[in-house]
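Asks: model the following, please.
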Amino acid sequence: MQHILLVEDDAELAQWTADYLISKGFTVSVCDHGDEAANAILESQPDAVILDGMLPGLDGLDVCKAVRHQYKGPILMLTARDEEIDEILGLEVGADDYLVKPVKPRILLARIKAALRRQHPNSIAQSDEECVSVGGLIITLSSRSVLLNEQEINVSTNEFDLLWLLAKQAGQVVERQYLVNELRGFEYDGFDRSIDLRISRLRKKLGDDSNEPFKIKTVWGRGYLMTKDAW
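Replies: Numbers count the residues shown, from 1 in each chain. Below you'll find the predicted structure:
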């Protein structure tokens, strides 16, 4: 049974969410204080974390930032904050997904399952391939490592997942709808900008020109294309 750590200070909501997830076959632990959440995540290393944005002590953003480099599982932020800047901040500090309360239980379950699938190679690769090379860029699935001209590039979990999908289809346009569906678990609504944010971070880390990108190109109205001859 997969273990989910739920960090939520609303006791009634925490109980309801835990009961629902337990009924779906998960093991659930609950933490209600931000100051305790970071230690709980690092000590228990759950399969996934559902993290409230507003907590007593440390808030959710601080907790996410504190554990991100030592915890490799998915972090889903579930918060009442519905401003775009809050979602951007959540993704920038390492959250894998961002949901705004109230969220329908089936949507929450679908997002959790999508995040967990992305932690397993077969759900991302859809094949037995373990390594993709594009010029001097080498991406290894088993170790989730990225090398560019023999230099290791430090990327987050969600950045790796996006890079893997682009590299496997290098030379082809990868549709935005496909990326949103694969990486976020829902249909593209025309407003979600999380993929754009990940692309921007990848370009910076991979030495692409943010003003005139030539390694990962934007194909307006469609998606993104990783060029084969720029690496």
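Asks: just checking, what packs against the strand or helix carrying residue 202?
Replies: Assigned by DSSP states H and E, residue 202 falls within helix 194-205. Helix 194-205 is packed against helix 84-92, helix 157-168, helix 176-184, strand 216-219, with contacts defined by 3 or more C-beta pairs under 8 Å, 6 or more residues apart in numbering; DSSP states H and E. Every C-beta, even on glycine, is put in place using the N, C-alpha and C of the backbone.
Asks: quickly, which of those bottoms out on average pLDDT?
Replies: With a mean of 79, helix 84-92 has the lowest mean pLDDT of the helices and strands packed on helix 194-205.
Asks: in that helix, what counts as buried?
Replies: 86-87, 89-91 (16 or more other C-beta atoms under 10 Å).
Asks: try stretch 16-30
Replies: Buried-residue list, stretch 16-30, by 16+ other C-beta under 10 Å: 17-18, 21, 26, 28, 30.
Asks: roughly how far does residue 34 sit from residue 109?
Replies: 25 Å (C-beta to C-beta, to the nearest Å).
Asks: just want to know which of those two has more residues nearby.
Replies: residue 34 (22 against 15; other C-beta atoms under 10 Å).
Asks: the more buried one and residue 63 touch, don't they?
Replies: Yes - at 5.5 Å, residue 34 counts as touching residue 63 under the criterion of C-beta atoms under 8 Å.
Asks: joint contacts of those two?
Replies: 7, 55 (C-beta atoms under 8 Å, 6 or more residues apart in numbering).
Asks: number of residues surrounding residue 215?
Replies: 21.
Asks: now it. Nearest residue, chain neighbours left out?
Replies: Of all residues not flanking residue 215 in the chain, residue 208 sits nearest, at 4.2 Å (C-beta to C-beta, 6 or more residues apart in numbering).
Asks: same check on residue 219?
Replies: Residue 219's closest residue in space is residue 173 (C-beta to C-beta, 6+ apart), at 4.9 Å.
Asks: check residue 105 too.
Replies: Nearest residue to residue 105 in three dimensions, chain neighbours excluded: residue 20, at 5.2 Å (C-beta to C-beta, 6+ apart).
Asks: relative to residue 14, how far out is residue 221?
Replies: Residue 221 sits 43 Å away from residue 14, going by C-beta to C-beta.
Asks: make that residue 133, sorry
Replies: 46 Å.
Asks: those two - which one has more neighbours?
Replies: In this view residue 133 and residue 14 are compared by other C-beta under 10 Å, and residue 14 has more residues nearby, 19 against 13.
Asks: hang on, isn't that one packed against residue 8?
Replies: Yes - between residue 14 and residue 8 there is a contact at 4.1 Å, judged by C-beta under 8 Å.
Asks: helices of the protein, residue ranges please.
Replies: Ranges of helices in the chain, per DSSP state H, are 11-23, 34-44, 60-67, 84-92, 105-117, 121-125, 157-168, 176-184, 194-205.
Asks: out of these, which comes closest to residue 146?
Replies: helix 157-168 (6.6 Å; C-beta to C-beta).
Asks: what's that closest one packed up against?
Replies: Counting contacts by 3+ C-beta pairs under 8 Å, 6+ apart, helix 157-168 is packed against helix 121-125, strand 131-134, strand 137-140, helix 176-184, helix 194-205, strand 223-226.
Asks: dump the fourth one to CSV, restricted to CA.
Replies: Meaning helix 176-184. Extracted in CSV, the C-alpha atoms of helix 176-184 (Å, rounded to 0.1, in the frame of the first residue of the first chain):
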residue,chain,number,x,y,z
ARG,A,176,1.0,21.3,-25.1
GLN,A,177,-2.2,19.3,-24.5
TYR,A,178,-0.2,16.1,-24.4
LEU,A,179,2.3,17.6,-21.9
VAL,A,180,-0.3,18.9,-19.6
ASN,A,181,-2.2,15.7,-19.6
GLU,A,182,0.9,13.6,-19.0
LEU,A,183,2.6,15.8,-16.4
ARG,A,184,-0.4,17.3,-14.6
